[in-house]
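**Student:** Kindly return the folded structure for what I paste below:
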Amino acid sequence: KCRPPKADKTAPDKPKPSKRDKVSRSDGKAPDAKEPIKPAQDTALKETAAVEQTAPEPTTPPRPVEEGKLVYLKLSEVHPFHTFRPHPFKVRDDAKMQEIVASIRVNGVMVPGLARPEKDGNGYEIVAGHRRCHASQRAGVETMPCIVRDMDDDTAIILMVDSNCQREHILPSEKAKAYQMKLEAIKRKSGRPSKINSGQLGPNFDERRSNQIVADEAGESVKQVQRFIRLNKLTPELMKMVDDGKLKTTPAVELSYLTPEEQEDFLSYMESEGCTPSLSQAQKLKEASKESVLTPEKIQHIMAAKP
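**Tutor:** Coordinates of the predicted model:
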């Protein structure tokens, strides 16, 4: 007896499903079939992929900013230096500032500033680069490259003074305020030798006097630094005369020993007579003030005498 072929094992009453039946079971669509991509969709997908591959770097720094990292800070988040007292160096809209503004418009800020995070977390305090920051605002740019570092107040003051004292033209009043701020900061740091801050000033810190450090790093003599610091005792009107070159620095130092009332009386005399004191006259005014005999009559007598 011969066996039937294998094909005959299939039940005759169950026909094989046709291709049409497979399509009908998948709601009219073949299981592996995909909708064709329309031309507009294809263009959009290509543009999206290109954007993902060439995504621009963020213009705002991440929070928190990595220590010592160069970032672009929004100028709206950058605040002038304000630790302990206002910034000692003035920002003047002079010809030099116009040059900086024009350069930033063409080339951007070439040298990054130095900033530190505000203590309240609201923006940044500019430590070095306040003139570049002002010029950037005038140039109409929105960001400025800065190196962000977390530092204590005294370190910030020292770095602020050192960075600005490198400028070519500095007013006597700016030096006077800056040297005093730095001197006070160094003295405070010397009282904390066990902390890491003292190491930022270099070795043998306790072996050198604070004013000697200021003098050495400013390229001045100790006496000259002390003279500039003494100018802070002048009234604002007399200090302005020194800045304007109407009153020489050496006689002005002697006048700083006068009381504020005596300085006002002497200013009135100078304005009425159209004169300024010599060093010898200023020394006599100082001596009379020390003896508490510097009246308006005494001022007139000293200034009328031949030097």
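
**Student:** In a strand, residue 215, correct?
**Tutor:** No. If the criterion is DSSP: H, G, I helix; E, B strand; the rest coil, then residue 215 is helix and not within a strand.

**Student:** Quick check: which element contains the residue nearest to residue 93 when sequence neighbours are not counted?
**Tutor:** Counting by CB to CB, 6 or more residues apart in numbering, residue 138 is the residue found nearest to residue 93 once chain neighbours are left out, at 7.9 Å. C-beta here means a position set from N, CA and C on the backbone, and glycine is covered the same way. Using DSSP states H and E, residue 138 falls within helix 130-139.

**Student:** what helices or strands is that helix leaning on?
**Tutor:** helix 95-107, strand 113-117, strand 143-148 (3 or more CB pairs under 8 Å, 6 or more residues apart in numbering; DSSP states H and E).

**Student:** Of all the ones you listed, which one is nearest residue 82?
**Tutor:** Shortest distance between residue 82 and the helices and strands packed on helix 130-139, using CB to CB, is found for strand 113-117: 11.7 Å.

**Student:** Sheet partners, orientation included, of the following helix or strand past the closest one?
**Tutor:** Next along the chain after strand 113-117, taking DSSP H and E as the criterion, comes strand 124-128. Paired neighbours of strand 124-128 in the sheet (DSSP bridges): strand 78-79 (parallel), strand 113-117 (antiparallel).

**Student:** For the closest residue to residue 226 other than its chain neighbours, give me its contacts.
**Tutor:** Nearest non-adjacent residue to residue 226, counting by CB to CB, 6+ apart: residue 211, 6.5 Å away. Neighbour list for residue 211: 183, 222, 225-226 [criterion: CB atoms under 8 Å, 6 or more residues apart in numbering].

**Student:** With residue 127 instead?
**Tutor:** 81, 113-116, 151, 156, 159-160, 163 are the contacts of residue 127 under CB under 8 Å, 6+ apart.

**Student:** mind redoing it with 10 Å?
**Tutor:** Applying CB atoms under 10 Å, 6 or more residues apart in numbering, we find residue 127 in contact with 81, 83, 113-116, 146-149, 151, 155-160, 163.

**Student:** Select only the buried ones of the contacts of residue 211 in PyMOL?
**Tutor:** Applying 16 or more other CB atoms under 10 Å to the contacts of residue 211, the buried members can be selected in PyMOL as follows:
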select buried, resi 183+225+226
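
**Student:** Quick one: the contacts of residue 211 as CSV, columns for secondary structure, distance to residue 245 and pLDDT too.
**Tutor:** What follows is these, written out as CSV (DSSP: H, G, I helix; E, B strand; the rest coil; distance: CB to CB, whole Å; pLDDT from 0 to 100):
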residue, secondary structure, distance to residue 245, pLDDT
183, helix, 26, 95
222, helix, 25, 94
225, helix, 21, 95
226, helix, 22, 95
